[in-house]
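Colleague: Sharing a model prediction with you, sequence too.
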Amino acid sequence: MGFEWVVAQRFLREGGMQTLLIMAGTTIGIAVIVFITGFLGDMQRDLIKRTLGVQAHIVIRPAEEVARPLREAPATATALPQVQARVQRLRSVDQWQALLPALEAIPGIIAISPIAAGPGIITRGDVNKTVTIMGIVPAPYVAVTRFNEKIVSGDLRLDPGDVLIGTDLAKDLGVGPGDKVRLSTPTSPGDAYQVRGIYDLGIRNLNRAYAYVGLAPAQAMHALPGGASSLELAVDDLFGAERFAARLRGTMPHEVESWMQANPQLLAGLSNQTVMTLLVRFFLALVVAIGVSSVLVVAVVQKTKEIGILRAMGASRGRIMRVFLLQGALIGATGALLGSACGYALTFVMSDILRSSDGTRLFEARLEPELYLYTLLAAVVLGLVAAMMPARRAARLDPAQAIRV
């Protein structure tokens, strides 16, 4: 390949401004592709992280109770039985302690947290607020939801008699860490609890919705002795949560719900965004390929005499074809290297400019070697494909006619 390499580099150098322009165009196109891919990928990850808040990837609950007629109607009966939906009561996941080892043994499940949750009332003086009282064990719950990142005051500790509440609920009640509130449920007159910490989920309704206590106190308050109203799971593949959920549904009688089922609008928005990103990337790549192909077609016309001389000196059609294919690959590789650097720099700058309402970065720019490696390989292949037509045209030139031009 030494001959083809030398000739390809020489043709590119002699192109001058033409070569610089196509290199610049390729660099800009690939930079935009890298920026869109990295920017939207980072944005989606941070959006999911912020939107899901303390939501688990998969939740296992007791199956709904279904009302059934006491007896089957006779075949000759004309009256149609009316079956009313049964009221759903708070129940525990059947034998959830025995279920934990089986779940932990499944590859891909990285954390499991038992929850005892139910309706309740939090009281401070004359102010009453309805909340969902969540009974948790802090260590596994943090492993599933990263709830520790949401604590803004106090600390994440749930000794007997401790409670964690949201920032907006704390403002409504006029309390802070160390103050006392009263928690009660329909099945328990309740007791006084000390505010151990305050969390902020970034959504006011959620900050008013939950009060967190230890698992044992919640079990007593909700009349679930030793029970768990749900098991919350975290998996290593966030977007594969539905596959895990489908597999679990086939192995247990409980209701299994993934975050994708619980957030269909969010998932639809992310899917549509991904489709639009793919379309933009495709058309940018198409524009880059057309530009490379056009420049090389012009180069074939400009180098007709040189190609004829090379053919007359014994260069085969295959060698001439490889010269122009190498030019396309060089243009693609150079554009990929420069474009990847520019794309990452632009992503980093935008991550510093775009801020959320609380002043924190909307997303963090991540350096992903796989993205740039795939970009380089795709750019080289794109350059080869774009150079295919000019290369074949150059290889088909008749030496005698080319020299007379």
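Modeller: Received the coordinates, thanks.

Colleague: May I have the phi/psi pair for residue 157?
Modeller: Dihedral angles of residue 157 (phi, psi; degrees, to the nearest 10) stand at phi -140, psi 130.

Colleague: scratch that, residue 237
Modeller: phi -110, psi 100.

Colleague: change the start of the numbering to 23 and stick with it
Modeller: Understood, numbering begins at 23; the last thing we discussed is residue 259.

Colleague: what pLDDT does it get?
Modeller: Looking at residue 259, its pLDDT stands at 84.

Colleague: Let me know whether it touches residue 130 as I believe.
Modeller: Yes. Using Cβ atoms under 8 Å, residue 259 is in contact with residue 130, at 6.5 Å. Where C-beta positions appear, they are placed from N, C-alpha and C, glycine not excepted.

Colleague: got any residues that touch both of these two?
Modeller: Shared contacts of residue 259 and residue 130 (Cβ atoms under 8 Å, 6 or more residues apart in numbering): residue 266.

Colleague: and residue 336, which of the three is it?
Modeller: Classification of residue 336 using DSSP: H, G, I helix; E, B strand; the rest coil returns coil.

Colleague: report the longest strand in the protein, please.
Modeller: strand 131-146 (DSSP state E).

Colleague: Show me what secondary structure element comes after that strand.
Modeller: Moving toward the C-terminus from strand 131-146, the next helix or strand (DSSP states H and E) is strand 149-158.

Colleague: tell me which element residue 77 is part of?
Modeller: Applying DSSP H and E, one finds residue 77 in no helix or strand.

Colleague: Nearest residue to it in space, please, no chain neighbours.
Modeller: Among residues not flanking residue 77 along the chain, residue 281 sits closest, at 5.8 Å (Cβ to Cβ, 6 or more residues apart in numbering).

Colleague: contacting residues for the one you found?
Modeller: 74, 77, 78, 79, 80, 260, 263 are the contacts of residue 281 under Cβ under 8 Å, 6+ apart.

Colleague: Now do stretch 36-55, average pLDDT.
Modeller: In this model, stretch 36-55 carries a mean pLDDT of 83.

Colleague: got a list of contacts for that stretch?
Modeller: Residues outside stretch 36-55 that contact it (Cβ under 8 Å, 6+ apart): 34-35, 303, 306-307, 309-310, 313-314, 317, 320-321, 353-354, 356-358, 360-362, 364-365, 368, 397, 401.

Colleague: Filter those residues down to the buried ones and hand me the PyMOL line.
Modeller: Those of the contacts of stretch 36-55 that count as buried under 16 or more other Cβ atoms under 10 Å are selected in PyMOL with:
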select buried, resi 34+303+306+307+310+313+314+317+321+353+354+356+357+358+360+361+362+364+365+368+397+401
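
Colleague: quick one, strands of the stretch 73-222 of the chain?
Modeller: Remark: strands assigned in the stretch 73-222 of the chain by DSSP state E, counting those that start in this stretch are 80-83, 131-146, 149-158, 173-176, 184-188, 202-207, 210-221.
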